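Q: Generate a structure from the sequence data that follows.
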Amino acid sequence: MTFVMGPALLFCPADRPERYQKAAARADAVILDLEDAVAPADKQRARGAILAQLGTTGVEPELEPSCTIVRVNPAGTEEFEKDLHCLSHTPYRTVMLAKAESAEQLKALEGYQVIALCETALGVLNAPAIAAAPNVVGLMWGAEDLLASLGGTSSRKDDGGYRAVALHARSAVLLAARAHGKEAVDAVYTNIPDLDGLAAEAADAVATGFSSKACIHPSQAGVVRQAYAPSEEEVAAATALLDAAASAGSGVFKYQGRMIDGPILKHAQEIVRRAAVEA
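A: A predicted model of the protein is given here:
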């Protein structure tokens, strides 16, 4: 089973099974959350909810395994071991490891495709080694847990922009993921009513190379998907540029007053690729 990484990944508390299908309908993939979204006293009930929606056969889940991620608790904890026991009875084989901090932790998830969530100082510093682990398919970064691990109080400034250390972590995780050919997931936008702010941040995620962005509310998924879908004007411009390159037949050429070379053509190819995915 190959996991399909779409642009909008939507967290859903695992102890709220009535939301499973609603989340799946709005996003490209659902992240069933057994960690922060579930109170400690409710974690066993959350695991039971995941198992209950599998039906009597255990192989026909409500949620498609190729579009479902299960966020498990941090490695080395008792809850992590219970999460793995639960998953062993499901068809879900893509997990998000909360607070990933070393490549060694990934060995406990052999047989699973892992999105490693680097959301502590140690996790960010070890992102390159984590990304190199063979069962890791992607990295995600988290702002609020990161600042908490630093003893800070907020990842954002009064104007809504990230503080410098958060921006550094965001770039570090993106670079580590892409250096090892893995997917990169941008952090959640916690100001749910501010869809304009989300749109701007999602557009930046697209421009800088993140393959997707995580969401915490269904209303955010459509905004993220729109950011990843190139406009007709962007597709037309990219197609015209690629046609001009084919006609030029050289490595470097002038087009509409700009010098065009290989990297610029790759930008255009990426726009055309995303348009084809959305079609």
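Q: most centrally placed residue in this structure?
A: Nearest to the geometric centre of the chain sits Val185, at 3.0 Å (CA atoms, centre = their mean).
Q: what bits of this protein have low per-residue confidence?
A: Judged by pLDDT under 70, the chain has its weakly predicted residues at 1-4, 55-60, 231, 277-279.
Q: Regarding the residue nearest to the centre of the chain, what is its secondary structure?
A: Three states are possible here, and by DSSP: H, G, I helix; E, B strand; the rest coil the one that applies to Val185 is strand.
Q: which residues touch it?
A: Taking CB atoms under 8 Å, 6 or more residues apart in numbering as the criterion, Val185 is in contact with Leu9, Ile115, Gly138, Leu139, Met140, Trp141, Phe210, Ser211, Ser212, Lys213, Ala214. C-beta coordinates here come from the backbone N, C-alpha and C atoms, glycine included.
Q: who does the first one bridge with?
A: Partner residues in beta bridges with Leu9: Ala29, Ala214, with DSSP bridges as the criterion.
Q: What ranges does the stretch 1-150 of the chain have for its strands?
A: 8-13, 29-33, 68-72, 94-97, 113-118, 136-141 (DSSP state E, counting those that start in this stretch).
Q: give the contact list for the nearest residue to Ala24 once chain neighbours are set aside.
A: Nearest residue to Ala24 in three dimensions, chain neighbours excluded: Val30, at 5.1 Å (CB to CB, 6 or more residues apart in numbering). Applying CB under 8 Å, 6+ apart, one finds that Val30 lies in contact with Leu9, Leu10, Cys12, Tyr20, Ala23, Ala24, Leu63, Cys67, Thr68, Ile69.
Q: Tell me the spacing between Val30 and Glu232.
A: 30 Å (CB to CB, to the nearest Å).
Q: ok, now Val188?
A: Between Val188 and Glu232 the distance is 29 Å, computed by CB to CB.
Q: Just the buried residues of stretch 112-130, please?
A: Counting neighbours by 16 or more other CB atoms under 10 Å, one finds that the buried residues in stretch 112-130 are 112-121, 123-124, 126-128, 130.
Q: ok, now stretch 254-263?
A: Neighbour count says stretch 254-263 has Ile260 buried, by 16+ other CB under 10 Å.
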